[in-house]
Each structure stands twice: as structure tokens, then as C-alpha cells.
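Asks: sequence first, predicted model second:
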Amino acid sequence: MMPDDDADAVGRARTGDLEAFNELVLRHQDAAFNVAYRLLGDPDTAADMTQDALIAAYRKLDTYHNGSFRAWLLRIVSNRCLDELRRVKRHRTDYLDDLTPDSDDGAAIPSPLPTPEQAAQQNELHRLIQDCINALGADQRVTLVLCDVQGLSYQEIAESTQTHIGTVKSRLARARAAMRACLQASQELLPLEFRLFK
């Protein structure tokens with residue numbers, strides 16, 4: 001969608017037009033969820049944070065001043081997720097239920113297209129990548145997800161994170177280097193075609 005379409009919908013939403021805000025939600029909810037999922041690593045929590053962020057965006061529409069609506073919305077999503085990560089870190093507790101596997105926790109049925117081995121490799125690769133993302137510091141994680149997962153420009157990321165473009169570039173470089181190191185350290189867990197041989 002063009003930014004002008006967002007500006008028109010935001011203008012109508014500010015006058016109380018709920019349908020206009022729903023247009024914005026439909027345009028950007030997938031990006032919002034993807035950011036939340038990559039930052040939190042849990043689909044249920046990501047869905048909750050996305051919903052909270054969308055409600056907060058509706059309530060804060062009067063604070064949006066031009067620029068990229070998408071970047072503004074993703075900043076709200078990122079902030080909600082970072083707050084959640086801090087909350088979980090403060091209240092982290094291990095429960096016995098978390099240590100015992102659920103009886104119905106079987107492997108997902110693979111698609112008929114890939115073989116079971118290919119599906120297992122894809123799942124392992126996705127898990128490893130998410131673990132490496134989770135190991136990043138909060139600022140680097142947000143920058144990496146907004147750039148490499150969501151495809152935002154440096155300018156949009158700078159607006160979304162309220163930093164300078166130079167800071168965005170530096171955080172992104174450090175995040176990518178950390179991801180590379182993390183993946184190289186776990187090469188034995190990668191499918192053969194993704195391993196770096198020396």
C-alpha cells in the first residue's frame with residue numbers, strides 16, 4: 001500500500017471512522033505479528049502483543065504525525081514486546097510442568113511436498129535461527145527483525161526506533177555479525193547444505 005493510502009485512512013480514523021482503522025489493521029497486522037513473533041519467539045504471546053499494540057495505536061492516533069504509519073505502528077509493537085521481555089525476565093520461574101513433556105506434544109505432520117527428513121531439517125533450521133535471534137540484545141534484535149525480516153528501510157527503522165540512521169547501520173552490522181557467529185558455532189545442527197566448510 002502507498003503511504004498516501006495510509007494517510008487517508010489515518011485521517012478518517014482520527015475522526016472516529018472505525019472502518020478506516022480496520023483498513024490500516026488489515027494492511028499492517030501481518031507485519032506487526034511477524035515483528036512480535038521474531039522478538040518473542042512464541043506465537044501466542046506474539047498474537048497478544050500484536051493485539052495490545054493495535055489497540056494502543058488506535059488510542060494514540062493523535063500522536064501520529066506524518067512519516068511512515070507502518071514504522072510508527074511497528075515501534076509500538078516493538079516497545080510492547082520489549083516490555084514483555086523485561087517483565088518475563090523479572091518474573092522468570094521454572095515450573096515442574098515446564099520440565100515434563102506433554103503427552104500430546106507430537107511432531108507436526110509435514111506437508112505432502114517435503115519429505116519427513118526435509119521437514120525436520122527446516123524445523124531445526126527455523127528453531128536455530130530463532131534461538132540466535134533470541135540471543136541478541138534488545139536493540140540489535142529489533143533492528144535485525146525490522147530490516148531483515150520486515151524489509152524496512154534504514155530511514156523507516158530510524159523513525160521506528162527513534163534513533164539515527166548511523167545507529168541503525170551499526171546495530172544491524174553487530175546483529176548480523178552475532179547471528180553469523182551464532183550459526184557458525186552451531187554448524188553441526190544445521191542441515192548439510194547450510195554448513196560452512198573451511
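Replies: Perfect, thanks for sending it.

Asks: what is the neighbour count of Ala57?
Replies: 24 (other C-beta atoms under 10 Å). Bear in mind the C-beta positions are built from the backbone N, C-alpha and C, glycine included.

Asks: what does Arg14 give?
Replies: 13.

Asks: equivalent analysis for Lys169, please.
Replies: Using other C-beta under 10 Å, Lys169 has 15 other residues around it.

Asks: who are the contact partners of it?
Replies: By C-beta atoms under 8 Å, 6 or more residues apart in numbering, the contact set of Lys169 is Tyr154.

Asks: how near is it to Asp17?
Replies: Distance from Lys169 to Asp17, counting by C-beta to C-beta, to the nearest Å: 38 Å.

Asks: now name the helix or strand holding the residue nearest in space to the middle of the chain.
Replies: Against the mean C-alpha coordinate of the chain, by C-alpha atoms, centre = their mean, the closest residue is Val35 at 2.0 Å. Assigned by DSSP states H and E, Val35 falls within helix 18-40.

Asks: and Gln51, by the same measure?
Replies: For Gln51, the host element (DSSP H and E) is helix 43-59.

Asks: could you give the number of residues near the closest residue to Leu54 other than its chain neighbours?
Replies: With C-beta to C-beta, 6 or more residues apart in numbering as the measure, Val25 is the residue that lies nearest to Leu54, at 5.8 Å, once sequence neighbours are left out. Residues within reach of Val25, counting by other C-beta under 10 Å, total 16.

Asks: for this protein, give me the ranges with low pLDDT.
Replies: Applying pLDDT under 70 to the chain flags the ranges 1-4, 91-119, 188-198.

Asks: pull the CA atoms of the helix holding Val35 into PDB?
Replies: Taking Å, rounded to 0.1, in the frame of the first residue of the first chain, the C-alpha atoms of helix 18-40 are listed here in PDB:
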ATOM      1  CA  LEU A  18     -13.600   2.600  12.800                       C
ATOM      2  CA  GLU A  19     -13.700   1.100   9.300                       C
ATOM      3  CA  ALA A  20     -10.800   3.300   8.300                       C
ATOM      4  CA  PHE A  21      -8.800   2.000  11.200                       C
ATOM      5  CA  ASN A  22      -9.800  -1.600  10.300                       C
ATOM      6  CA  GLU A  23      -8.300  -0.900   6.800                       C
ATOM      7  CA  LEU A  24      -5.000   0.000   8.500                       C
ATOM      8  CA  VAL A  25      -5.100  -3.100  10.600                       C
ATOM      9  CA  LEU A  26      -5.700  -5.300   7.600                       C
ATOM     10  CA  ARG A  27      -2.700  -3.700   5.800                       C
ATOM     11  CA  HIS A  28      -0.300  -4.000   8.600                       C
ATOM     12  CA  GLN A  29      -1.400  -6.800  11.000                       C
ATOM     13  CA  ASP A  30       0.800  -9.400   9.400                       C
ATOM     14  CA  ALA A  31       3.900  -7.300   9.600                       C
ATOM     15  CA  ALA A  32       3.100  -6.400  13.200                       C
ATOM     16  CA  PHE A  33       2.600 -10.100  14.100                       C
ATOM     17  CA  ASN A  34       5.800 -11.100  12.400                       C
ATOM     18  CA  VAL A  35       7.800  -8.500  14.300                       C
ATOM     19  CA  ALA A  36       6.300  -9.600  17.600                       C
ATOM     20  CA  TYR A  37       6.900 -13.300  16.800                       C
ATOM     21  CA  ARG A  38      10.500 -12.700  15.900                       C
ATOM     22  CA  LEU A  39      11.100 -10.700  19.000                       C
ATOM     23  CA  LEU A  40       9.300 -13.000  21.400                       C
END
